[in-house]
Each structure stands twice: as C-alpha cells, then as structure tokens.
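*Asks:* got a predicted model here, sequence first, then my questions.
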Protein chains: 2
Amino acid sequence: MTEKFNSIERCDCNVIHEDIVNQVRDKMPQEESLYDLAELFKVFGDSTRIRILWALHEAEMCVCDIAVLLNMTQSAISHQLRVLKQANLVKNRKEGKVVCYSLVDDHVREIFDQGLIHINEK
Amino acid sequence: MTEKFNSIERCDCNVIHEDIVNQVRDKMPQEESLYDLAELFKVFGDSTRIRILWALHEAEMCVCDIAVLLNMTQSAISHQLRVLKQANLVKNRKEGKVVCYSLVDDHVREIFDQGLIHINEK
DNA sequence: TAGTTATATGAGCATTTATTCAAGTGTTTT
DNA sequence: AAAACACTTGAATAAATGCTCATATAACTA
C-alpha cells in the first residue's frame, strides 16, 4: 500500500521497451491480489506445514498424533496449525480434550500436485 | 536427513490411534520430496518474486525493465531473478549488454491459478 | 583506451520466522 | 477437589531472508 516513488534510475532499455513495460503494467493484477497469493504460498513454503497438510490429506488427526508422526513437540505443531487455520487451509473439531484437525477442502491436494509436476520435470 | 529421536512424549491418543498414525506414516512421501516441495513454494512465497513471475508470464523482459515496472532497484531484482533461476522457474538469454529473462515453462501459470482458486473461495 | 551501460555479486543490516520453554486454559478422570 | 491430560499461547532465541550499498564484470561506445 505504501507506494514508493524513489529514484529508480531509468536506462535506455526503458525508453526502447516503453510500450512493452506499459502493456505488462496494464495487465498486472492489483498489488493486493499478488500479495495475498504470495502469503498463501508462504504457508506452503515450510516443510513442517507441508508435512502436516499431507498428513491431514490422508486422515483427520489430533495434535498429539501429528506431533508423534512428525517427531516434533506438540507446541511446535500447535503453532503451525494456527498458521494453517488462519490461511483457511485446515479446520478443527473438539472432541473432549482432543482437538481434531482436517483439511478445509481439496484445493490443497491440487496445489501439491501442480508443485510436484514442476519438481519432477527438471 | 538428520533424523531426530528425541523425547517427544507419547499420549493416550497415540496408543488409541496407533493404526491411523501408522497408516498415514506409510503413505507419507519420503522426507526429501516434501522438503523439495516446500522449497518450491517458498520461492512463490514472496510478493516481489510473484510479481516478477507474473510480469514474465506476460512478456520476456530485461532486468532494468522489471526494475522500473516494479519500482525497485536493479540489484534487488537481480538477486531475486537468481533465486528464480535456481528454482528452475526462469531462464535468461543475453543480448549484448542486456539480459532477457523469461519463464521456463507454463507450470508457473498453473500454480498461480490453483492459488487464486483458493484465495477467491473464502 | 577510457568511459558508459546493464547486470551480477558479496557483505551488512533489519526484519521475519520456526522452534523451544514456561505458563495458562479447558476437559476428563480419580 | 485435585490431578492428569490435550492443547494453546506468549516471550525468547537462533536462523533465514530480502533489500541496500559498494564493488565487480562484461559489453558497448566515443
């Protein structure tokens, strides 16, 4: 939101390619959309969270089960589940003392798959 | 690779849900795949890089043009292009002094789209 | 050859982030 | 009621990260 109008030096290219740059500028989505998109991918950009998401894609699980599965502390898992929930990727359900987490929808799987396609094609 | 065998306390859940946890464990991809996947998404998880990728999806561009388009220094753009190249998302082509960058393939667009589907559905 | 242009790179700095630790909440069990 | 249990939360810390600044490189130009 804090648009900057600093002293980015222009070069000859900018003049030569002015039309191209302007065309691209017009086609770019609004700053906010791209920021949100980056925020979403940032959530996927951590191996702990990726592993949690993958696990939840297989089955609904409680915090302590995920902790044992990934061999990490409950606290660490709980912190990351919070991030995942804020990103609207997981939801939870209370069953007595236990809190069960699951995926909100199946987008996660599709995003995974796209990523894997890229990785497996190098 | 450095597998940890620390003192993650087991709870009653782990015993009750032992079968589920083991099933999920068996289905989980190898640690390395998920790590690579996280690394890929980490690259997408920055708004500068997302904006560069989006721009390159519209047109092949040189470093200084991208810098002007995004109103950032050439140095900052160059650093990020390096990250994108290491992730095998962009390639470059030298034309005299000028270095032109473009997308390696169209996976980027597909990964974008999956992300946008999720964002637009809250 | 000297100077300019376009880009790359390394060090430094400020910010973000993932985990740990300690303490707190709410539920169940004894 | 007290203790145990599953989980959450906030502060602290170490590591990672993005940008800036100065400098280096490589190609073009005068």
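*Replies:* Yes, it's here. Remember, it's a predicted structure, so these values are computed and weren't measured experimentally.
*Asks:* residues of chain A that sit close to DNA strand D?
*Replies:* When proximity is defined as CB under 7 Å from any atom of the strand, chain A approaches DNA strand D at A:6, A:62-65, A:67, A:74-75, A:78-79, A:81-82, A:92, A:97-100. For every residue, glycine as well, the C-beta is placed using N, CA and C.
*Asks:* buried only: go through the residues you listed for me.
*Replies:* Buried subset of the residues of chain A next to DNA strand D (neighbour count, 16 or more other CB atoms under 10 Å in any protein chain shown): A:62-65, A:67, A:74, A:81, A:98, A:100.
*Asks:* tell me the secondary structure of A:Met72, please.
*Replies:* Assigned state for A:Met72: coil (three-state reduction, DSSP: H, G, I helix; E, B strand; the rest coil).
*Asks:* all strands for chain A, in order.
*Replies:* Using DSSP state E, the strands of chain A run over A:61-62, A:90-95, A:98-103.
*Asks:* turn the ones you listed into JSON lines, including distance to A:Arg25 and mean pLDDT.
*Replies:* Listed next are the strands of chain A as JSON lines, based on distance: least, CB to CB, whole Å; pLDDT from 0 to 100:
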{"stretch": "strand A:61-62", "distance to A:Arg25": "46", "mean pLDDT": "97"}
{"stretch": "strand A:90-95", "distance to A:Arg25": "37", "mean pLDDT": "97"}
{"stretch": "strand A:98-103", "distance to A:Arg25": "37", "mean pLDDT": "98"}
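*Asks:* can you say which of those is nearest to chain B?
*Replies:* strand A:61-62 (5.4 Å; CB to the nearest CB).
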